[in-house]
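Q: coordinates for the following, if possible.
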Amino acid sequence: MLACLPVSALASAPGGPDLSLAWVVPFAGILLSIALFPIFAESVWHHHAGKVVAGWTALFLLPYGLYFGLASAAHLVAHAMLAEYLPFIILLLTLYTVSGGVLVEGNLHGSPALNTGLLALGTLLASVMGTTGAAMLLIRPLLRANDNRRHRVHVVVFFIFLVANVGGGLTPLGDPPLFLGFLNGVSFGWTFLHMITPVAIAAAVLLALFYVLDSWWYRKEGVEPVDPTPDSPLRFRGLFNLVLLGLAVGAVLLSGFWKPGIRYEVLGTPIELQNVTRDVLLLAIAGLSLWLTPRAIREGNRFNWGPIEEVAVLFAGIFITIAPAIAILRLGEAGHFADVLRMVSRPDGTPIDSMYFWMTGLLSSFLDNAPTYLVFFNLAAGDAHTLMGPMASTLQAISMGAVFMGANTYIGNAPNFMVKAIAEERGVAMPSFFAYMAWSMAILLPLFVLLTLLMF
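A: Numbering: from 1, shown residues only. Next comes the predicted model:
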């Protein structure tokens, strides 16, 4: 790695015009590890993901500290952790903890109307409690309702499309990319107003198509086998967690509207009072949920810390190693990403919104959609006020691509794999990685072409 770094890059200041693409290798290494290890070496990844991420992070930080100085490395880590990573992971932790305290008991009959209704409900909830929270809340009741049907794969596939991805597009709470935008200055209201139309179109098309397909398979099955979980009325336990969820939403909104103008600096990173208040409130809400929720409820949900631990480890490395990529992007035509910039911009420098949508989306399909959003956010302008104003359609394109096209593969968004694992645990023969892509290409790509024509 050291041998690959040009002397001119090592001698230049961070973000200087000669900053080499070699500094981006550890960031790319983490993303490729996330994409490929679960496919080709799942056991190794399951047991050693933290070591892999730590290795790539060290491969970046050690040379960086050696050539730019320990003080510069400390400032970079402080900014990544305090300004971006901690607010991001605290929100995910809170939503995951609170949603895991709501248990849905009982069973309903998995008819096309019921299944479509559950998918619609999950799509709405995803923007309130996050795609992860909504998916974990509803996937088990949906599987129980359909456990006597022979054709169930399409139910889970559309659940991933709608609840684990598209439904999270209305608010910064819904999907990690939009929350990163919120942390970088994109307002809560802007996201809702500019995403409601594409989310409504995508959800309506997918729900209608699902109802048609599910009705066809339902009629084709004829007489159903004996239901292993007979129908029984639904019961909800731990509903006070919905109150805590409302408080979490309020804490996020508070940080967007309350600007006391009080700030502190930690190793050069400005820390604003409203953001500290938000994070403390969110942690307190998560603590209340753990304290007040009976253990039997979390056991009924098979709640454990594994998924959030994995996300925490992965994103710690991502937020540190993405720094040089963002620095090069901010150089524009003077940086090494000039070719990418030319692909999404006209000769006069104005953005091509449709290209931002597809480029952000295609990368979000195979890499994690949160850092992909951040890369194109900075490529477009890097300034929230500019992107919400004269470049609003470009930011809308980036947001749509990151949120919607995370559904193209299992690795596009964290809940996708979690839903797949739970479905397989319940006996659903889920498609392989590439078979799932066949589903997404057949159903989602025509939808994205339609959205391109309508929106851009």
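Q: in the stretch 151-300 of the chain, which spans are strands?
A: Using DSSP state E, counting those that start in this stretch, the strands found in the stretch 151-300 of the chain span residues 232-237, 263-266, 269-272.
Q: count the neighbours of E309 for me.
A: By other Cβ atoms under 10 Å, 13 other residues sit near E309. Glycine gets a C-beta too; all of them are placed from N, C-alpha and C.
Q: show the subsequent helix or strand relative to the helix or strand containing it.
A: Per DSSP states H and E: E309 is located in helix 306-321. From helix 306-321 onward toward the C-terminus, using DSSP H and E, the following helix or strand is helix 323-329.
Q: what sits up against the helix holding E309?
A: 26-27, 30-31, 34, 49-50, 53-54, 56-57, 60-61, 76-77, 80-81, 84-85, 88-89, 92-93, 96, 132, 368, 370-371, 414, 418 (Cβ atoms under 8 Å, 6 or more residues apart in numbering).
Q: separation between the spatially closest residue to R278 that is not a sequence neighbour and K220?
A: Nearest residue to R278, sequence neighbours excluded (Cβ to Cβ, 6 or more residues apart in numbering): S255, at 3.8 Å. Distance, S255 to K220, using Cβ to Cβ, to the nearest Å: 51 Å.
Q: who has more neighbours out of those two?
A: A direct count of neighbours by other Cβ under 10 Å for S255 and K220 places S255 higher, at 22 against 9.
Q: the more buried one and A145, how far apart?
A: S255 is 38 Å from A145, where distance means Cβ to Cβ.
Q: what do you get for T293?
A: Applying Cβ to Cβ, the value for T293 to A145 is 24 Å.
Q: over to I30?
A: Distance of I30 to A145, computed by Cβ to Cβ: 38 Å.
Q: more neighbours, these two?
A: Higher neighbour count among I30 and A145: I30, with 27 against 24, using other Cβ under 10 Å.
Q: in the chain, where is pLDDT below threshold?
A: Counting by pLDDT under 70, the chain contains low-confidence ranges at 1-19, 107-108, 222-232, 329-330, 332-335, 337, 367-368.
Q: most centrally placed residue in it?
A: P176 (4.0 Å; Cα atoms, centre = their mean).
Q: I figured it hits T372, correct?
A: No. In this structure, P176 is not within contact of T372 by Cβ atoms under 8 Å, at 10.5 Å.
Q: still on that earlier bit, mind listing what the residue nearest to R278 touches?
A: Residues in contact with S255 (Cβ under 8 Å, 6+ apart) are Q274, N275, T277, R278.
Q: next, count neighbours for G389.
A: The burial count for G389: 12, using other Cβ under 10 Å.
Q: got phi/psi on it?
A: When read as degrees, to the nearest 10, the backbone of G389 gives phi -100, psi -100.
Q: measure it to D383 for me?
A: Separation of G389 from D383 (Cβ to Cβ): 9 Å.
Q: what's the answer for S20, then?
A: Going from S20 to D383 by Cβ to Cβ gives 25 Å.
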